[in-house]
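Participant: quick one: sequence and predicted model below, then my questions.
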Amino acid sequence: MFRVEVCLSDVDALVQTVETMRGWLRDQRFSPLTFGYSLLSARVLFRIDFDSEPQADAFAKKFAGAIVL
């Protein structure tokens, strides 16, 4: 499993960001194992798990995230 974490500093952009991420995943025909987020004070931390490293890498690059171990 390859986990990508993306930090969003604009909590007000949460809904738009989720829609953008979901749309991109759909367009790429990627099916993550999990898609979740946590509200942390004034930011949002997304955690998306993939079973494919190339998919995780593409998502991380697109949304300025990082693959975490």
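Facilitator: Sure thing, it's come through. These figures come from a predicted structure and were not determined experimentally. Numbering: from 1, shown residues only.
Participant: in the protein, which helix is the longest?
Facilitator: helix 14-28 (DSSP state H).
Participant: quick one: contacts of the next helix or strand after that one?
Facilitator: Next helix or strand after helix 14-28 toward the C-terminus (DSSP states H and E): strand 34-40. Contacting residues not belonging to strand 34-40 are listed as Val11, Leu14, Val18, Met21, Arg22, Leu25, Val44, Leu45, Phe46, Arg47, Ile48, Asp49 [CB atoms under 8 Å, 6 or more residues apart in numbering]. To be clear about C-beta, it is placed using only N, CA and C from the backbone, and glycine gets the same treatment.
Participant: burial count for the residue nearest to the third one when sequence neighbours are not counted?
Facilitator: Nearest-residue entry for Val18: Tyr37, 7.6 Å, with adjacent residues in sequence omitted and distances by CB to CB, 6 or more residues apart in numbering. Neighbour count for Tyr37, taken as other CB atoms under 10 Å: 17.
Participant: picking up where we left off before, in the longest helix of the chain, what's buried?
Facilitator: The neighbour-count check on helix 14-28 (16 or more other CB atoms under 10 Å) flags Thr17, Met21, Leu25 as buried.
Participant: count the residues that sit near the closest residue to the last one other than its chain neighbours.
Facilitator: Across the structure, with CB to CB, 6+ apart as the measure, the residue nearest Leu25 apart from its sequence neighbours is Pro32 (6.6 Å). Using other CB under 10 Å, Pro32 has 21 other residues around it.
Participant: what's the spacing between Pro32 and Arg22?
Facilitator: 10 Å (CB to CB, to the nearest Å).
Participant: Asp49 against Phe30, yeah?
Facilitator: No. Using CB atoms under 8 Å, Asp49 makes no contact with Phe30, being 11.5 Å away.
Participant: got JSON lines for the buried residues of helix 14-28, with distance to Leu69 and pLDDT too?
Facilitator: Below are the buried residues of helix 14-28 laid out as JSON lines (distance: CB to CB, whole Å; pLDDT from 0 to 100):
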{"residue": "Thr17", "distance to Leu69": "24", "pLDDT": "96"}
{"residue": "Met21", "distance to Leu69": "22", "pLDDT": "97"}
{"residue": "Leu25", "distance to Leu69": "22", "pLDDT": "98"}
